[in-house]
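Q: Here's my sequence, what's the structure:
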Amino acid sequence: MHPRYSQRELDHLLERDHTLYSGVLWGLEGRRVELRARATSVLPGPCDVMSCVQITGMAKDIIKESARRIDAAFKKLKIPQSHVKILVDLSPADLPKGGTWLDLPIAIISLQAAGILPDLREVSEERFLVIGEIGIHGDVRRVPGVLSLAGLTTAGQAIILPAGNEREASLITAAAGHEGTAICPVSSLEQVVDYFKGVHPLPNALAQKIDYDAVVEKAPDIGRVKGQKEAKDAALIAAAGGHNILLIGPPGEGKTLLANAISGILPRLSRREVVEITTIYSACGELKEDGMVVHRRPFRTVHHTVTKPGLVGGGAGVPVPGEITRSHLGVLFLDELPEFSPSTLEALRQPLEDGVVRISRVGASVEYPSRFTLVAAMNPCPCGYYGDERCRCSEKDVKKYQSRISGPILDRIDLKVEMQTLSTEERFAEPAKDLSTEFRARVEIARRRQDKRFEGTTIPFNAAIPGGHIMDYCSFSASAATRYKELVDSHRITTRSMDRLARVARTVADLYNSDSVEPPHLDKAASFVLPGLLKVLF
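A: Down below sits the predicted model:
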């Protein structure tokens, strides 16, 4: 009845158990999946392998789609039929398993349970992590989020993955605990089948030097912004202390260019940060080609028509990261700030405070990193020329326009700077060269001072000093303390504004390598922090 197997061999198939390890993407995280399989009964006659396989622990529609792709690939490779019924269990059962990451391990473990492929020795099962989508022609296709899944490996393990994902996955070797990880790219199911049969070994992509390509373009030099000395000073302070900044001024005077340039004067990314941001881009499917790495600070421009889920994240099932997570450790630029929906702007409050965004859905709650520098821009009035003879807006129009931005959002923007209309001489002046290099050097020195100041805490920079602890970290000289009280009294500012003034003054002092905050540092900070010092009505 079963010419390929004797009764003893069939009984032996029913006694064997099989295990493989894989992973799926949950938000930005890789979640480990254990595949366990066994033959449960002998069939009266042979049938196609996938027709004999029952899979538990997956959504029904995903099972059908995966099984169809694998079945078509088996037919292309002329895989023999199975003589046993097979159960494949995916654990943990309560973990949603969308996507196509599990195609390849399901195919391999099904062939093992059918007796078509030899089983791995038990000591070898833990050595492998297998992921990949199988095409109907038997090809193994790229999948998103590979860097997150590669993070599931431990030192000395091997990850079998689609060719075209290997350069991305190799970044994980820069992270502690992944030393000696082997990255084994495969282009076809036949290649993996032959490996498990012992026909030939799999390649290790790390056996040769790997080059990477940039995802984020180089920021323009801040020297290309003509004139606008005060705005450049504010940009320097914002980058040095992690402060959010609002650029106010008429159209066409460099607000967008300056915002873009700020990402280029932020400190260089560490290797850990490169992996962290590239993981985000990988999970979001923004690495269009293998080997693309985010090694520059992101700069994300968001149009005012963006939806709340598009900005902060959301969607059905596991919430998808929004623009604020894509701008993590970089710059989020909101142009035409008053044109944004009030509810969309209000959704920024919690991420601006905490540096993370928390999204809850039925059956799925996630937390995404969102520590970005907010750079917002706006015209001072509907026509854009408030304070100029060209302005035709009434005071009522101006107040109504500016009131679209809520007080709580403005309270979370430390610096507000007015950009001026350029003179003819400024417009024709030669741009300064390599000014970003000079600014970044000063920013990195200031950040090193802050790293030392906040050592042993979770505070990343001056802008994040929590309320109630301002004076723990902002050391004022006696004359600066007197000046601080004068500024607070004369402007009748709130406690929140007092704290903001102190934080910015601390950053100014850091830029001048001063251990204590002095009166000139306070005055510089006040010019960007305190109300009434701008022509606009804030």
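
Q: Run a quick neighbour tally on residue 70.
A: Neighbour count of residue 70, defined by other CB atoms under 10 Å: 25. No exception for glycine: its C-beta is placed from N, CA and C like everyone else's.

Q: Sorry, wrong one. I was asking about residue 424.
A: 7.

Q: any idea how far it is from residue 252?
A: With distances taken as CB to CB, to the nearest Å, residue 424 is found 14 Å from residue 252.

Q: For the chain, which element, helix or strand, carries the lowest mean pLDDT?
A: Lowest on mean pLDDT, DSSP states H and E among the helices and strands of the chain sits helix 122-125, with a mean of 63.

Q: How about residues contacting the helix or strand following that one?
A: Later in the chain than helix 122-125, the nearest helix or strand by DSSP states H and E is strand 128-130. Applying CB atoms under 8 Å, 6 or more residues apart in numbering, the contact partners of strand 128-130 are 20-23, 104-105, 108, 120, 149-150, 152-153, 157-160, 192.

Q: Tell me the first helix or strand C-terminal of strand 128-130.
A: strand 133-134.

Q: Can you name every helix or strand that the longest strand along the chain contacts?
A: Criterion DSSP state E: the longest strand present in the chain is strand 29-47. On a contact count with 3 or more CB pairs under 8 Å, 6 or more residues apart in numbering; DSSP states H and E, strand 29-47 meets helix 7-15, strand 18-26, strand 82-91, helix 103-113, helix 146-150.

Q: I'd like to know which of those is closest to residue 263.
A: helix 146-150 (21.9 Å; CB to CB).

Q: Tell me the helix or strand right after that closest one.
A: strand 158-162.

Q: Give the partner strands of that next one in its sheet and their orientations.
A: strand 128-130 (parallel), strand 182-186 (parallel) (DSSP bridges).

Q: buried ones in it?
A: Using 16 or more other CB atoms under 10 Å as the test for burial, strand 158-162 gives 158, 159, 160, 161, 162.

Q: my guess is residue 422 is in a helix, correct?
A: No - applying DSSP: H, G, I helix; E, B strand; the rest coil, one finds residue 422 to be coil, outside a helix.

Q: Now do the contacts for it.
A: For residue 422, the contacting residues are 226, 227, 228, 253, 254, by CB under 8 Å, 6+ apart.

Q: Greatest separation within the residues you listed: which pair is it?
A: Greatest spacing in the contacts of residue 422, by CB to CB: 226 and 253 (9.0 Å).

Q: So the two - more neighbours on which side?
A: For residue 226 and residue 253, the more surrounded residue by other CB under 10 Å is residue 253, and the numbers stand at 22 against 18.

Q: The more buried one is in contact with residue 421, isn't it?
A: Yes - Residue 253 is within contact range of residue 421, at 6.2 Å (criterion: CB atoms under 8 Å).

Q: Next, the contact list for residue 261, please.
A: Counting by CB under 8 Å, 6+ apart, residue 261 has contacts 219, 220, 221, 222, 224, 225, 235, 436.

Q: again, 7 Å this time
A: 219, 220, 221, 222, 225, 436 (CB atoms under 7 Å, 6 or more residues apart in numbering).

Q: With residue 444 instead?
A: Residue 444 makes contact with residue 267 under the criterion CB under 7 Å, 6+ apart.

Q: In which helix or strand does it reside?
A: helix 435-453.

Q: If we go by neighbour counts, what in that helix is buried?
A: 435, 436, 439, 440, 442, 443, 446, 447, 449, 450, 453.

Q: before we move on, the earlier item: just so I know, which of the helices and strands packed on strand 29-47 lies nearest residue 243?
A: Of the helices and strands packed on strand 29-47, the one closest to residue 243 (CB to CB) turns out to be helix 146-150, at 30.5 Å.

Q: Name the surrounding residues that touch that closest one.
A: So helix 146-150 is contacted by 23, 25, 28-30, 101, 131, 159, 161, 165, 168-169, 171-172, 278-279, 282-283 (CB under 7 Å, 6+ apart).
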